[in-house]
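Engineer: I would like the atomic coordinates for the input below:
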Amino acid sequence: MLTGLKTPLRPLLLLTLLLPTLAWSQDLRFTTLDIGQGDSAVLIAPGGCVALFDGGPTGSGATIKAYLKARGVTNIDMAFISHMHADHMGGIDEVDVGTDAVSIDAVYDHGGAYDSVAYTDYTSHFSGRRFTARKGDVYSLCGQVRLEVVAAAGNGAHVSDENAKSVVVKITYGAFDALVGGDLTGTTEDMETGIATAVGPLELYKVHHHGSRYSSNNTLLDATNPTVSFISVGKDNTYGHPTAECLDRLAAHNSQVWQTEDPATNSKWGHIELSSTDGDTYVVAQGTKSVSYASKAPDTQAPSAPGSLVATAASSTEVDLSWMASTDNVGVHHYNVYRSTNGLAYALVGTSTTTGFADLGLSPGTTNAYRVTAVDAAGNESAASSATATTPMPGITVTSPNGGESWAGGGSRNITWTSRNISNVKLEYSLDNGASWQMIASSLAASTGSYAWVVPSSPTTQARVRATDAFGSASDVSDGTFTITGTASPAKVIINEILANEPGSATDGEFVELVNVGGTAIDISGWIILDATSARHTFASGTVLGAGKAIVVFGGTSGIPSGTTNAVVASTGTLSLNNSSDTVTVKTSSAKNATTINTYSYTSSLTGQDGVSMNRSPDASATGGFVLHTGLSSLSASPGARVNGATF
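Structural biologist: So this is what the prediction gives:
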């Protein structure tokens, strides 16, 4: 199944300040600092806002602060820590403390934890100021310089190498573009290839991993073709940085290399400082060397429109889109997906970096019009390709039982149905022609179309089955009632409902309800109902309790509700049920060897409300426990009837 991008683009975070960090500097400045074998760079916007990229190894703080002081910087708006290796983060906590301290408002890294002293010092020092950078985050320095996170923490891929998790930021100032990415990898756990086309042409490439053979791969360099490349490297490093392989790849792409130190000549060459007034041209200076460059012409060519757009209704709430890839002179960054329900106004519903998108959560029975465009790294958007799809209405039909059948209680029968655009079905049954419903199954695969149901042993001629879309509104009920016979089970009498706390103080309203949940009638002549003290009622000769029927014994005549036909008065004139606790028992006679039919001991938790009875849950279930009646229906009690007031 095609899936759309689930995370929306993050909003642009503007750091334009009312009082800039330093006086209006006029020029953009990007400086790769000479801090030996490590990494640290400073970006100053024309308006004076400042970003720091990495903090070098432990001990680099003094060098970083000295450069910032020389530039008049007293505050850093944001710092990006590419990854957790000490040569990139060891000195960051030294910058805003001690002599010439420069305050840091916030630090951004790829998140997670790392086992090192440098990491512990870093997280402790920046507690409350540390934030996670994620792909797609966009920031702005003084509203003039755009910073976009193009990679962080492997961009969702499972990578184990800390270098591969590096935070990579693309800097844009007019026609000038630069890339800063720590130790991002280009071979083992290759991350460079995945961001190549999204980055696009560059003026400046701050070379990954100090010029290691494992970074700056040809795919990245083919897509970016950086005019200049800055390498932060120590003259006495033991890693062989910068490697001949990396330098050869940069030379093959005609990128002029500048580096802070040179192991080949054991020389320190110093900070590499790039400045630009308008982004169209820029100057790179190091010591007495200074070279002017022109930025590449901005990319104004839009990608071709996506081809062969197809919209398919996958369900009543989902439309899947697919299309042929667009082409572009640099490369397609992503696709925009727009939707309209009236064919006039279109709204962006998501983006995709693949040639597919799943539009979810739609309304059934709606015609949706789509337009898909391609966007390149420069923001050029293609013409749109269009398609429409209508989400179907879900439907379900019960085919059996559908009225007129006679099913034996306790036996197994198949409930069958047909469905359209429904994934899951809920099944219920009613014994009273739909007045109340009980669950059969809460969620079944709709495609099966059948379910083996053990028919309840509750004789009735008013049974129905209902099938409902478990996640929607489609529903169908048996067209007519069917019969459930009781021949499959013997008589079984249970105490189903007790009211011990009568309404007001009229004890005549106390009652005990018995229900025959079996499949055959039973003669209960001579049976007795007892409380914990003594027998309170003896059933008269000739009393027969039919299958699925109820009989209620009240404390007195005045307590019997008008119209109740299946009620009798306690033969002793009272039931004498205690409100705090008591035991109700049904026996076959008063003899010592009489059989106990059913018994229940209740506590005050079920008698605390005047006029509220305790009832089996589910109603008329031989194994169900007792709960307050108000937990089953809106009625306080239902003597001689089901919990919802329907007849037995």
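
Engineer: show me where pLDDT drops low in the stretch 351-500 of the chain?
Structural biologist: Counting by pLDDT under 70, the stretch 351-500 of the chain shows low-confidence ranges at 472, 486-489.

Engineer: Only the buried residues of stretch 154-161, if you could.
Structural biologist: Neighbour-count burial for stretch 154-161, with 16 or more other C-beta atoms under 10 Å as criterion, is recorded at 154-155, 159. From N, CA and C alone the C-beta is placed, and that goes for glycine too.

Engineer: Looking at those, which is nearest L360?
Structural biologist: N155 (22.7 Å; C-beta to C-beta).

Engineer: What number of residues are in the vicinity of V199?
Structural biologist: Neighbour count of V199, defined by other C-beta atoms under 10 Å: 25.

Engineer: E189 too?
Structural biologist: By the measure other C-beta under 10 Å, the count of residues near E189 is 17.

Engineer: Also the one 4 residues further on?
Structural biologist: When neighbours are counted by other C-beta under 10 Å, T193 registers 15.

Engineer: just F53 next, same as before
Structural biologist: Using other C-beta under 10 Å, F53 is surrounded by 26 other residues.

Engineer: any idea how far it lies from D100?
Structural biologist: Applying C-beta to C-beta, to the nearest Å, the value for F53 to D100 is 20 Å.

Engineer: Y429 now?
Structural biologist: 81 Å.

Engineer: One more: G128?
Structural biologist: 23 Å.

Engineer: more neighbours, those two?
Structural biologist: Neighbours were counted for G128 and for D100 using other C-beta under 10 Å; D100 has more, 13 against 5.

Engineer: residue contacts, the more buried one?
Structural biologist: Contacts for D100 (C-beta atoms under 8 Å, 6 or more residues apart in numbering) come out as 65-66, 68-69.

Engineer: And it, which helix or strand is it part of?
Structural biologist: Following DSSP states H and E, there is no helix or strand that holds D100.

Engineer: try V372
Structural biologist: Per DSSP H and E: strand 367-376 holds V372.

Engineer: Name the residues of that strand that are buried.
Structural biologist: For strand 367-376, by 16+ other C-beta under 10 Å, it's 368-376.

Engineer: helices or strands next to the helix or strand following that strand in the packing?
Structural biologist: Once strand 367-376 ends, the next helix or strand along the chain (criterion: DSSP H and E) is strand 385-390. Under the contact criterion of 3 or more C-beta pairs under 8 Å, 6 or more residues apart in numbering; DSSP states H and E, strand 385-390 touches strand 307-315, strand 318-324, strand 367-376.

Engineer: Out of the ones you listed, which is closest to Y239?
Structural biologist: With respect to Y239, and counting by C-beta to C-beta, the nearest of these is strand 367-376 at 36.4 Å.

Engineer: so what does the closest one touch, helix or strand wise?
Structural biologist: By 3+ C-beta pairs under 8 Å, 6+ apart, strand 367-376 packs against strand 307-315, strand 318-324, strand 332-340, strand 356-359, strand 385-390.

Engineer: For those strands, could you give me JSON lines that also reports distance to V95 and mean neighbour count?
Structural biologist: Formatted as JSON lines, the entries for these read as follows, by distance: least, C-beta to C-beta, whole Å; neighbours: other C-beta atoms under 10 Å:
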{"stretch": "strand 307-315", "distance to V95": "51", "mean neighbour count": "16"}
{"stretch": "strand 318-324", "distance to V95": "48", "mean neighbour count": "21"}
{"stretch": "strand 332-340", "distance to V95": "34", "mean neighbour count": "20"}
{"stretch": "strand 356-359", "distance to V95": "44", "mean neighbour count": "20"}
{"stretch": "strand 385-390", "distance to V95": "50", "mean neighbour count": "17"}
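
Engineer: now the ones you listed in TSV, with distance to Y239?
Structural biologist: Output for the helices and strands packed on strand 367-376, formatted as TSV (distance: least, C-beta to C-beta, whole Å):
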stretch	distance to Y239
strand 307-315	47
strand 318-324	45
strand 332-340	34
strand 356-359	43
strand 385-390	50
